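S.K.: Give me the fold of what follows.
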Amino acid sequence: MTILVTGGAGFIGSNFILDWLANPEAESIVNLDKLTYAGNLANLQHVENDPRHIFVKGDIGDRDLVATLLKKHKIRAVLNFAAETIFMALVICCVDVTEVILSFTSFKLGITVCRVRY
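M.R.: Residues are numbered from 1 along each chain as shown. Below you'll find the model as predicted:
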C-alpha cells in the first residue's frame with residue numbers, strides 16, 4: 001500500500017517525507033504538490049532516486065487527478081500538508097485555500113466539514 005502526501009515539497013511535507021523514507025521498511029509515498037512559492041523539489045534531493053517516492057505536480061483541488069492517484073496507487077492514507085503559508089499570498093493570488101482544502105477533504109474522505117469565512 002501507499003500513502004498520499006499533499007504539499008510534500010514544502011517545508012513540513014518534505015521533512016515528513018525524508019523522515020518517513022529514512023526507514024528502509026517504509027511504504028511508498030505519492031507526493032502531490034503544486035510547486036507554488038513554498039514548494040521546492042530541492043528539499044527532496046535525498047530521495048529523488050528512491051523508487052518509493054513518486055512525485056506528481058498537481059493541485060489537490062483537481063478532483064480527477066486526486067481520484068486517479070487514489071485508485072492507481074491504492075492509497076491507504078492521505079496526509080495533507082498543502083497550504084498557503086502567508087495570508088497576503090492568499091489576498092494577492094486571490095486563492096481561497098481553505099475552501100480548496102475543505103472541498104478536497106469532504107469529497108475524498110466523505111466527512112462533513114463546515115466552511116468558515118472571515
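
S.K.: how about the helices in this protein?
M.R.: Remark: helices of the chain, listed N- to C-terminal, are 11-21, 63-72, 87-93, 97-109; assignment by DSSP state H.

S.K.: Next one, pLDDT for the residue nearest to residue 3 when sequence neighbours are not counted please.
M.R.: Nearest non-adjacent residue to residue 3, counting by Cβ to Cβ, 6 or more residues apart in numbering: residue 77, 4.7 Å away. Glycine gets a C-beta too; all of them are placed from N, C-alpha and C. Taken from the predicted model, the pLDDT recorded for residue 77 is 88.

S.K.: And residue 39, by the same measure?
M.R.: 88.

S.K.: need the contact list for it.
M.R.: For residue 39, the contacting residues are 7, 9, 10, 33, taking Cβ atoms under 8 Å, 6 or more residues apart in numbering as the criterion.

S.K.: circling back to that earlier point, what about the residue nearest to residue 3, how many neighbours?
M.R.: Here the neighbour count serves as a burial measure; for residue 77 (other Cβ atoms under 10 Å) it reads 10.

S.K.: Then residue 17?
M.R.: Number of residues near residue 17 (other Cβ under 10 Å) recorded here: 27.

S.K.: which residue sits closest to it in space, ignoring its chain neighbours?
M.R.: Nearest-residue entry for residue 17: residue 8, 5.2 Å, with adjacent residues in sequence omitted and distances by Cβ to Cβ, 6+ apart.

S.K.: Next up, the contacts around the one you found.
M.R.: Listed by Cβ under 8 Å, 6+ apart, the contact set of residue 8 reads 14, 16, 17, 29, 31, 32, 33, 44, 55, 81.

S.K.: Now render these as a markdown table, adding pLDDT.
M.R.: Supplementary listing: the contacts of residue 8 in a markdown table, determined by pLDDT from 0 to 100:
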| residue | pLDDT |
| --- | --- |
| 14 | 95 |
| 16 | 94 |
| 17 | 96 |
| 29 | 97 |
| 31 | 97 |
| 32 | 96 |
| 33 | 95 |
| 44 | 95 |
| 55 | 97 |
| 81 | 88 |
